[in-house]
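> return a 3D structure for these sequence lines:
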Amino acid sequence: MAGSPTARRRRLSIELKKLREKGAFTCAQVGEALDWSGSKVNRMETGSGRVQPSDIDALCRFYGTSDELREFLKSLAREAKTRGWWQVHGAGIPEWFNIYIGLEQDASTLRQYQCELIPGLMQTEAYAGELHRTGAHMTAEDIERAVRVRMERQSMLTRADAPDAWFVVNEGALRNVIGDGGLMREQLERVLEVAELPSVTLQVLPFDSGTYPATGTFTMLGFPAPEDPDLVYRDGITDAVYLEGEHHVREYGKAFNGLRAAALSPQRSARLIESALKEYAK
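Residues are numbered from 1 along each chain as shown. From the prediction side, this is the model:
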(Lines give C-alpha, C1' and ligand atoms only; values in the text may rest on other atoms or scores of the structure.)
Protein backbone atom coordinates (compact mmCIF):
# COMPACT_ATOMS: atom_id res chain seq x y z
CA MET A 1 0.00 0.00 0.00
CA ALA A 2 1.23 3.50 -0.80
CA GLY A 3 2.85 5.16 2.21
CA SER A 4 1.94 8.85 2.48
CA PRO A 5 -1.60 10.16 3.12
CA THR A 6 -1.55 11.87 -0.27
CA ALA A 7 -0.62 8.67 -2.07
CA ARG A 8 -3.33 6.74 -0.20
CA ARG A 9 -5.93 9.33 -1.18
CA ARG A 10 -4.80 9.09 -4.79
CA ARG A 11 -4.92 5.29 -4.74
CA LEU A 12 -8.42 5.39 -3.23
CA SER A 13 -9.61 7.75 -5.95
CA ILE A 14 -8.17 5.48 -8.65
CA GLU A 15 -9.82 2.37 -7.20
CA LEU A 16 -13.24 4.04 -6.85
CA LYS A 17 -13.15 5.24 -10.44
CA LYS A 18 -12.16 1.76 -11.65
CA LEU A 19 -15.13 0.22 -9.83
CA ARG A 20 -17.58 2.68 -11.37
CA GLU A 21 -16.19 2.28 -14.86
CA LYS A 22 -16.19 -1.51 -14.52
CA GLY A 23 -19.93 -1.33 -13.87
CA ALA A 24 -20.39 1.13 -16.76
CA PHE A 25 -22.05 3.70 -14.51
CA THR A 26 -21.88 7.47 -14.70
CA CYS A 27 -21.25 9.56 -11.60
CA ALA A 28 -24.83 10.82 -11.85
CA GLN A 29 -26.21 7.25 -11.90
CA VAL A 30 -24.20 6.24 -8.83
CA GLY A 31 -25.22 9.41 -7.03
CA GLU A 32 -28.89 8.87 -7.81
CA ALA A 33 -28.79 5.26 -6.61
CA LEU A 34 -27.22 6.30 -3.29
CA ASP A 35 -29.24 9.50 -2.88
CA TRP A 36 -26.09 11.58 -3.38
CA SER A 37 -25.23 14.18 -5.97
CA GLY A 38 -23.20 13.14 -8.98
CA SER A 39 -20.67 15.81 -8.03
CA LYS A 40 -20.03 14.06 -4.70
CA VAL A 41 -19.10 10.88 -6.55
CA ASN A 42 -16.88 12.88 -8.86
CA ARG A 43 -15.11 14.56 -5.93
CA MET A 44 -14.38 11.15 -4.42
CA GLU A 45 -12.83 9.99 -7.69
CA THR A 46 -10.71 13.09 -8.17
CA GLY A 47 -9.45 13.27 -4.60
CA SER A 48 -10.94 16.73 -4.08
CA GLY A 49 -13.29 15.61 -1.32
CA ARG A 50 -12.98 13.57 1.87
CA VAL A 51 -14.23 9.99 1.68
CA GLN A 52 -15.71 8.55 4.86
CA PRO A 53 -15.61 4.79 5.65
CA SER A 54 -19.44 4.91 5.61
CA ASP A 55 -19.25 6.20 2.01
CA ILE A 56 -17.08 3.21 1.13
CA ASP A 57 -19.63 0.85 2.67
CA ALA A 58 -22.40 2.34 0.56
CA LEU A 59 -20.36 2.27 -2.66
CA CYS A 60 -19.18 -1.30 -2.15
CA ARG A 61 -22.73 -2.52 -1.52
CA PHE A 62 -23.82 -0.82 -4.74
CA TYR A 63 -20.90 -2.19 -6.75
CA GLY A 64 -21.11 -5.63 -5.15
CA THR A 65 -17.46 -5.85 -4.12
CA SER A 66 -15.86 -8.48 -1.93
CA ASP A 67 -15.48 -7.94 1.82
CA GLU A 68 -11.70 -7.90 1.41
CA LEU A 69 -11.80 -5.07 -1.14
CA ARG A 70 -14.27 -3.11 0.97
CA GLU A 71 -12.02 -3.30 4.03
CA PHE A 72 -8.97 -2.35 1.95
CA LEU A 73 -10.73 0.74 0.59
CA LYS A 74 -11.96 1.68 4.07
CA SER A 75 -8.43 1.46 5.41
CA LEU A 76 -7.25 3.77 2.60
CA ALA A 77 -10.02 6.24 3.49
CA ARG A 78 -9.07 6.23 7.18
CA GLU A 79 -5.33 6.54 6.59
CA ALA A 80 -5.77 9.30 3.99
CA LYS A 81 -6.93 11.55 6.85
CA THR A 82 -3.60 11.44 8.66
CA ARG A 83 -1.17 14.33 8.30
CA GLY A 84 2.23 14.06 6.63
CA TRP A 85 5.35 15.40 8.36
CA TRP A 86 5.44 18.37 5.97
CA GLN A 87 1.90 19.49 6.83
CA VAL A 88 2.77 20.52 10.38
CA HIS A 89 4.55 23.57 8.96
CA GLY A 90 1.25 25.25 8.17
CA ALA A 91 0.98 28.36 6.01
CA GLY A 92 4.56 28.13 4.79
CA ILE A 93 3.52 25.36 2.38
CA PRO A 94 0.68 26.00 -0.14
CA GLU A 95 -2.00 23.30 -0.25
CA TRP A 96 -1.28 22.52 -3.89
CA PHE A 97 2.37 21.86 -3.03
CA ASN A 98 1.42 19.74 -0.02
CA ILE A 99 -0.11 17.34 -2.54
CA TYR A 100 3.11 17.17 -4.55
CA ILE A 101 5.30 16.50 -1.51
CA GLY A 102 3.08 13.60 -0.47
CA LEU A 103 3.41 12.04 -3.91
CA GLU A 104 7.14 12.75 -4.10
CA GLN A 105 7.70 10.89 -0.82
CA ASP A 106 6.31 7.68 -2.35
CA ALA A 107 7.89 7.92 -5.80
CA SER A 108 10.27 5.20 -6.97
CA THR A 109 11.47 7.27 -9.94
CA LEU A 110 11.84 11.01 -10.38
CA ARG A 111 12.62 12.76 -13.67
CA GLN A 112 12.97 16.54 -13.54
CA TYR A 113 13.92 19.28 -15.98
CA GLN A 114 14.79 22.69 -14.53
CA CYS A 115 15.29 25.58 -16.93
CA GLU A 116 15.81 28.53 -14.55
CA LEU A 117 16.69 27.40 -11.03
CA ILE A 118 18.66 24.73 -9.21
CA PRO A 119 16.34 21.77 -8.42
CA GLY A 120 14.75 22.07 -4.98
CA LEU A 121 16.18 18.71 -3.89
CA MET A 122 19.68 20.14 -4.45
CA GLN A 123 19.27 23.62 -3.01
CA THR A 124 21.17 24.94 -0.02
CA GLU A 125 19.31 26.62 2.81
CA ALA A 126 20.68 30.02 1.79
CA TYR A 127 19.66 29.61 -1.87
CA ALA A 128 16.15 28.41 -0.95
CA GLY A 129 15.73 31.24 1.53
CA GLU A 130 16.72 33.83 -1.06
CA LEU A 131 14.17 32.44 -3.52
CA HIS A 132 11.36 32.57 -0.97
CA ARG A 133 12.19 36.12 0.06
CA THR A 134 12.23 37.46 -3.49
CA GLY A 135 8.78 38.51 -4.64
CA ALA A 136 6.97 36.43 -2.02
CA HIS A 137 4.38 37.92 0.31
CA MET A 138 5.27 35.61 3.18
CA THR A 139 6.10 36.33 6.78
CA ALA A 140 9.63 35.62 8.00
CA GLU A 141 8.21 32.69 9.98
CA ASP A 142 6.50 31.18 6.93
CA ILE A 143 9.67 31.56 4.88
CA GLU A 144 11.59 29.72 7.58
CA ARG A 145 8.99 26.94 7.55
CA ALA A 146 9.07 26.64 3.77
CA VAL A 147 12.87 26.41 3.72
CA ARG A 148 12.83 23.82 6.51
CA VAL A 149 10.45 21.62 4.52
CA ARG A 150 12.66 21.92 1.44
CA MET A 151 15.69 20.84 3.44
CA GLU A 152 13.82 17.90 4.99
CA ARG A 153 12.58 16.77 1.57
CA GLN A 154 16.17 16.30 0.45
CA SER A 155 16.65 13.38 2.83
CA MET A 156 14.67 11.21 0.41
CA LEU A 157 17.74 11.06 -1.85
CA THR A 158 19.81 9.35 0.86
CA ARG A 159 17.20 6.87 2.11
CA ALA A 160 17.85 3.15 1.73
CA ASP A 161 14.89 3.11 -0.70
CA ALA A 162 15.80 6.37 -2.41
CA PRO A 163 14.03 6.95 -5.74
CA ASP A 164 15.98 6.70 -8.97
CA ALA A 165 16.35 10.47 -9.53
CA TRP A 166 17.45 11.94 -12.87
CA PHE A 167 17.85 15.70 -13.25
CA VAL A 168 18.44 17.71 -16.41
CA VAL A 169 19.34 21.31 -15.56
CA ASN A 170 19.70 24.12 -18.07
CA GLU A 171 23.03 25.92 -17.90
CA GLY A 172 21.07 29.09 -17.25
CA ALA A 173 20.25 27.81 -13.75
CA LEU A 174 23.98 27.66 -13.00
CA ARG A 175 24.61 31.16 -14.36
CA ASN A 176 21.55 32.81 -12.84
CA VAL A 177 23.02 34.50 -9.76
CA ILE A 178 20.78 34.12 -6.73
CA GLY A 179 22.08 36.21 -3.85
CA ASP A 180 25.77 36.74 -4.56
CA GLY A 181 28.85 34.90 -5.79
CA GLY A 182 29.56 33.37 -2.40
CA LEU A 183 26.06 31.95 -2.15
CA MET A 184 26.28 30.54 -5.68
CA ARG A 185 29.67 29.01 -5.00
CA GLU A 186 28.25 27.18 -1.99
CA GLN A 187 25.22 26.17 -4.04
CA LEU A 188 27.20 24.67 -6.92
CA GLU A 189 29.38 22.77 -4.47
CA ARG A 190 26.18 21.32 -3.06
CA VAL A 191 24.99 20.34 -6.55
CA LEU A 192 28.22 18.42 -7.15
CA GLU A 193 27.82 16.62 -3.81
CA VAL A 194 24.26 15.54 -4.57
CA ALA A 195 25.27 14.41 -8.07
CA GLU A 196 27.65 11.91 -6.44
CA LEU A 197 24.82 10.09 -4.65
CA PRO A 198 24.22 6.60 -6.06
CA SER A 199 20.52 7.33 -6.59
CA VAL A 200 21.14 10.54 -8.57
CA THR A 201 22.02 11.27 -12.20
CA LEU A 202 22.63 14.89 -13.20
CA GLN A 203 23.05 16.32 -16.70
CA VAL A 204 23.49 19.93 -17.73
CA LEU A 205 21.88 21.25 -20.89
CA PRO A 206 24.50 23.73 -22.18
CA PHE A 207 23.78 26.99 -23.96
CA ASP A 208 25.26 25.58 -27.19
CA SER A 209 23.21 22.37 -27.19
CA GLY A 210 21.25 23.40 -30.26
CA THR A 211 17.57 22.60 -30.69
CA TYR A 212 15.89 20.69 -27.88
CA PRO A 213 12.29 20.18 -26.64
CA ALA A 214 11.09 23.54 -25.26
CA THR A 215 8.92 22.43 -22.39
CA GLY A 216 9.48 24.63 -19.37
CA THR A 217 10.21 23.12 -15.97
CA PHE A 218 8.44 19.84 -15.15
CA THR A 219 8.74 16.74 -12.99
CA MET A 220 7.69 13.16 -13.74
CA LEU A 221 7.01 10.81 -10.84
CA GLY A 222 6.79 7.03 -11.09
CA PHE A 223 5.52 4.72 -8.36
CA PRO A 224 6.38 1.15 -7.35
CA ALA A 225 2.83 -0.23 -7.46
CA PRO A 226 1.49 -0.84 -10.99
CA GLU A 227 -1.92 0.35 -9.76
CA ASP A 228 -0.45 3.82 -9.21
CA PRO A 229 0.11 5.40 -12.65
CA ASP A 230 2.95 7.81 -13.38
CA LEU A 231 2.20 11.52 -13.41
CA VAL A 232 3.60 14.82 -14.62
CA TYR A 233 3.76 17.82 -12.30
CA ARG A 234 4.09 21.47 -13.30
CA ASP A 235 3.73 24.39 -10.93
CA GLY A 236 3.36 28.15 -11.12
CA ILE A 237 3.10 31.06 -8.73
CA THR A 238 -0.35 30.27 -7.33
CA ASP A 239 -1.21 26.74 -8.39
CA ALA A 240 -0.03 23.50 -9.96
CA VAL A 241 -1.11 21.09 -12.68
CA TYR A 242 -1.05 17.30 -12.33
CA LEU A 243 -1.21 15.38 -15.61
CA GLU A 244 -1.96 11.66 -15.28
CA GLY A 245 -3.28 10.53 -18.64
CA GLU A 246 -1.20 8.09 -20.68
CA HIS A 247 -0.89 10.63 -23.49
CA HIS A 248 0.56 13.30 -21.20
CA VAL A 249 3.00 10.92 -19.51
CA ARG A 250 4.12 9.48 -22.86
CA GLU A 251 4.72 12.88 -24.48
CA TYR A 252 6.58 14.31 -21.49
CA GLY A 253 8.60 11.12 -21.36
CA LYS A 254 9.62 11.67 -24.97
CA ALA A 255 10.50 15.29 -24.19
CA PHE A 256 12.64 14.28 -21.23
CA ASN A 257 14.48 11.73 -23.34
CA GLY A 258 15.09 14.48 -25.90
CA LEU A 259 16.49 16.74 -23.21
CA ARG A 260 18.76 13.96 -21.93
CA ALA A 261 20.04 13.35 -25.44
CA ALA A 262 20.81 17.06 -25.96
CA ALA A 263 22.45 17.48 -22.54
CA LEU A 264 26.06 16.76 -21.61
CA SER A 265 27.00 13.43 -20.09
CA PRO A 266 27.10 13.34 -16.27
CA GLN A 267 30.91 13.51 -16.38
CA ARG A 268 31.05 16.50 -18.73
CA SER A 269 28.22 18.13 -16.77
CA ALA A 270 30.31 17.92 -13.60
CA ARG A 271 33.22 19.58 -15.41
CA LEU A 272 30.97 22.41 -16.61
CA ILE A 273 29.68 22.96 -13.07
CA GLU A 274 33.24 22.99 -11.75
CA SER A 275 34.12 25.61 -14.35
CA ALA A 276 31.16 27.78 -13.33
CA LEU A 277 32.13 27.32 -9.69
CA LYS A 278 35.61 28.72 -10.38
CA GLU A 279 34.09 31.80 -11.96
CA TYR A 280 32.10 32.49 -8.78
CA ALA A 281 35.34 32.22 -6.82
CA LYS A 282 36.77 35.28 -8.56
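> quick check: closest non-adjacent residue to residue 13.
On the basis of C-beta to C-beta, 6 or more residues apart in numbering, the spatially nearest residue to residue 13 that is not a chain neighbour turns out to be residue 47, at 4.3 Å. Placement of C-beta: from N, CA and C, glycine included.
> for that neighbour, give me the pLDDT.
We have a pLDDT of 78 for residue 47.
> again with residue 61
The predicted local confidence for residue 61 is 93.
> distance of it relative to residue 30?
12 Å (C-beta to C-beta, to the nearest Å).
> for residue 77, same thing?
16 Å.
> quick revisit: show me the contacts for the residue nearest to residue 13.
By C-beta atoms under 8 Å, 6 or more residues apart in numbering, the contact list for residue 47 reads 9-10, 12-13.
> now it: how far from residue 99?
8 Å.
> so residue 6 versus residue 221, what's the distance?
11 Å.
> which residues do those two both contact?
In terms of C-beta under 8 Å, 6+ apart, residue 6 and residue 221 are both contacted by the residues residue 103.
> if we can go back for a sec, which of residue 61 and residue 30 has more residues huddled nearby?
Neighbour count, other C-beta atoms under 10 Å: between residue 61 and residue 30, residue 30 has more, with 24 against 11.
> thought the more buried one was touching residue 39?
No: with contact defined as C-beta atoms under 8 Å, residue 30 and residue 39 do not form a contacting pair (11.3 Å).
> next, the buried residues of stretch 170-180.
170-171, 173-174, 178-179 (16 or more other C-beta atoms under 10 Å).
> whoops, I mixed them up, stretch 121-139
121-124, 126-132.
> give me the low-pLDDT residue ranges for the stretch 151-282 of the chain?
For the stretch 151-282 of the chain, the stretches flagged by pLDDT under 70 are 282.
> go with 90
210-215, 223-229, 235-246, 279-282 (pLDDT under 90).
> excluding its backbone neighbours, what's nearest residue 12?
For residue 12, the spatially nearest residue (C-beta to C-beta, 6+ apart) is residue 76, at 4.2 Å.
> tally of neighbours for residue 215?
For residue 215, using other C-beta under 10 Å, the count is 16.
> likewise for residue 263?
Other residues within reach of residue 263, judged by other C-beta under 10 Å, total 23.
> distance of it from residue 67?
52 Å.
> please apply the same query to residue 205.
53 Å.
> the more surrounded of those two?
More crowded of residue 205 and residue 67, by other C-beta under 10 Å: residue 205, with 21 against 8.
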